[in-house]
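>>> build me a structure from this.
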Amino acid sequence: MASIRARLTTAYAGALLASVVVFAVVVYLARSARAGRELEQEAMQRGDLAVLILRQALAAAPTSRDTAARPAFELPGSLRLPQGATVTLDAIPGYLTVVDAAGSVLYESPAIVRLRTQTQGIDQPQRAEDVRRFNAAVELLRTDPVPMHLDLRLDDIVLVARRDTDPAFRSMYVVAGVSRRESNSAQRELLGTMFIITPFVLALSVFAALMISKRAVAPIDQIINEVEAITDGRSLHKRLDVSGADQEVERLAGNLNEMLGRLETSFGGLRRFTADASHELKTPLAVLRADVERAMTAPSGSTEQLVALEEALQETTRMADLVDSLLTLARADEGRFDLHRKLVDVHALAHEVFETAVILGESAELEVSMPQDDEAFVLGDYLRLRQLFLNLITNAIKYSTKGGEVELSLARRDGQVVFTVRDSGIGIAAAELPFIFDRFWRSDRARSRAAERGGFGLGLAICQWIAQAHGGTLTAQSRLHRGSTFVVTLPAAADADATAENADSAAQQGTEQASVPRESPDGATAPR
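Numbering: from 1, shown residues only. Reported below is the predicted structural model:
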């Protein structure tokens, strides 16, 4: 494909050539129309001059009748032009003829004489046809004095008829003609000059277009070179510098810089994600290998072998949970994770997870309560909403100290369903609170807890995705050593729909609950 510079130059040259051609055609047509009017005007001027000469000559000429009155010239041949008038009329260029009232020709200019006697380059029938057409035109102008264009073989003539305004001389009229060949020759010279000049103008314009386009695309070439220098993720810190360029180029560079910034952030997150995932998988793999080696060396069927196999099974389950969480987030990022939406009774779901929270709280010596439990329905994926609520509840129980409290509540406000989980646990520092929904993020305090409280750092990221996928939000408030509060806000379904489908939805959910395993805060399954 041609470069932008070549396309711009070609387009400019084509547009210029088309403009020159259109300009030449318009000028030629306008000049032709104007030339026709100018020729008519010139013929009228020559005719008026001949009429003036005739008036002066005839006024001074002796009459052929014995009368003191000025000659009236009513009778054909009653007057012949004086010799002086003839000589003077011969000085008027072009075609000129004087005809009396009866149609008799009193005078013809040398150009008309040549037209009648011309033999060179034309045969006798053609000359006779030209003479006949000329005589017919003169006769027609005697009765209808409208300017006429007569195209003969020997010449192209514009004819006009002129009469004297003095009634005493109206028995004669003058037909004056001007050849169009001189005007046509001038127009052809103008057109030829345009065609001669056009190539030089076009060449100069192409050269100027090349220089202008080179200067215009220079910043783009600079951007291309700088972008080509960014070959991998380690070069994404570089930015494009096109200061002083045109506004459009600056906008392009600004957008590219913003894109590079987003790519840098994404690559950084990908590197951190890969490092964290490798770290999380490295430890259980090492433990799994050690357990397998211990089971292989222990006596068959011994307690030591069974313990080693049980630990290996636990680490295998842990890795499977991690991989499942990673796949969930990866599919969510790609938009390939479809939610199976239906009408969900959040009231029944909240009671179900509350019962689970009570069982988990008893083993952790925590008091679990649910002071508010409103009727509410949402349109969503029952399994994913259950996973969301269970993750938040299990997190609250996991990071609460013995003797603490965990409080659940379900409320409906302004067309929204609000599910709240509040605990009195270790809390989260204010500096760490903005990062709690990042993947693989865990506070230092959480990392220093006992091994059974350790997680992958993916649970809250999955929770946030589930809430957002349902058109809702997940927010958190926390103070160190004061506990945390997580609030899930979801759009409520219409009450009419809830009433109509409540019974069928509850029955179907009860059937699913019997076969759905519990999930850990990071999406891992755990016994109910």
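>>> continuing past the longest helix anywhere in the chain, what's the next helix or strand?
Counting by DSSP state H, the longest helix found in the chain is helix 4-60. Counting by DSSP states H and E, the element after helix 4-60 in chain order, helix or strand, is helix 83-90.
>>> the longest helix of the chain - contacts with which helices or strands?
helix 83-90, strand 95-100, strand 156-163, strand 172-179, helix 181-229 (3 or more Cβ pairs under 8 Å, 6 or more residues apart in numbering; DSSP states H and E). Every residue, glycine included, has its C-beta placed from N, CA and C.
>>> okay if I get the ones you listed as JSON lines plus mean pLDDT?
Listed next are the helices and strands packed on helix 4-60 as JSON lines, based on pLDDT from 0 to 100:
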{"stretch": "helix 83-90", "mean pLDDT": "73"}
{"stretch": "strand 95-100", "mean pLDDT": "86"}
{"stretch": "strand 156-163", "mean pLDDT": "85"}
{"stretch": "strand 172-179", "mean pLDDT": "86"}
{"stretch": "helix 181-229", "mean pLDDT": "77"}
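>>> among those, which is the most enclosed?
Mean neighbour count (mean count of other Cβ atoms under 10 Å) peaks for strand 172-179 among the helices and strands packed on helix 4-60, with a mean of 24.
>>> strand partners of that strand, parallel vs antiparallel please.
strand 95-100 (antiparallel), strand 156-163 (antiparallel) (DSSP bridges).
>>> now the longest helix of the chain: how far from the chain's centre is it?
Relative to its parent chain, helix 4-60 has a centroid offset of 45 Å by Cα atoms, centre = their mean, to the nearest Å.
>>> that one vs helix 83-90, what angle?
180 degrees (axes from the mean of the first three to the mean of the last three Cα atoms, to 10 degrees).
>>> could you dump the strands paired with strand 172-179 to CSV with distance to residue 328?
Below are the strands paired with strand 172-179 laid out as CSV (distance: least, Cβ to Cβ, whole Å):
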stretch, distance to residue 328
strand 95-100, 102
strand 156-163, 92
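>>> one step back: now the helices and strands packed on helix 4-60 as CSV including distance to residue 393?
Shown next, in CSV, are these (distance: least, Cβ to Cβ, whole Å):
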stretch, distance to residue 393
helix 83-90, 124
strand 95-100, 115
strand 156-163, 105
strand 172-179, 109
helix 181-229, 49
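>>> out of these, the one nearest residue 278 is which?
When the helices and strands packed on helix 4-60 are compared by Cβ to Cβ, helix 181-229 sits nearest residue 278, at 29.9 Å.
>>> quick check: domain ranges of the chain?
Following automatic domain parsing, one gets these domains for the chain: 4-187, 247-333, 340-526.
>>> with distance to residue 238 added, can I get those domains in TSV?
Below are the domains of the chain laid out as TSV (distance: least, Cβ to Cβ, whole Å):
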stretch	distance to residue 238
domain 4-187	24
domain 247-333	7
domain 340-526	26
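>>> just name the most buried of the ones you listed.
domain 340-526 (a mean of 18).
>>> just the mean pLDDT for that domain, thanks.
The predicted model gives domain 340-526 an average pLDDT of 78.
>>> likewise for stretch 138-147?
For stretch 138-147, the mean pLDDT works out to 81.
>>> which residues touch the nearest residue to residue 480 once chain neighbours are set aside?
Leaving aside its sequence neighbours, residue 480 sits nearest to residue 427 (Cβ to Cβ, 6 or more residues apart in numbering; 4.5 Å). Neighbouring residues of residue 427 by Cβ atoms under 8 Å, 6 or more residues apart in numbering: 478-484.
>>> do residue 198 as well
Residue 198 touches 17, 20, 24, counting by Cβ under 8 Å, 6+ apart.
>>> how much space between it and residue 24?
To residue 24, residue 198 is 8 Å away according to Cβ to Cβ, to the nearest Å.
>>> check residue 420 too.
Look at residue 420 and residue 24: by Cβ to Cβ, they are 82 Å apart.
>>> can you show me the strands along the stretch 301-450 of the chain?
Assigned by DSSP state E, counting those that start in this stretch, the strands in the stretch 301-450 of the chain fall at 342-345, 367-373, 377-380, 405-413, 416-423.
>>> could you report the pLDDT at residue 47?
At residue 47 the predicted local confidence, pLDDT, stands at 87.
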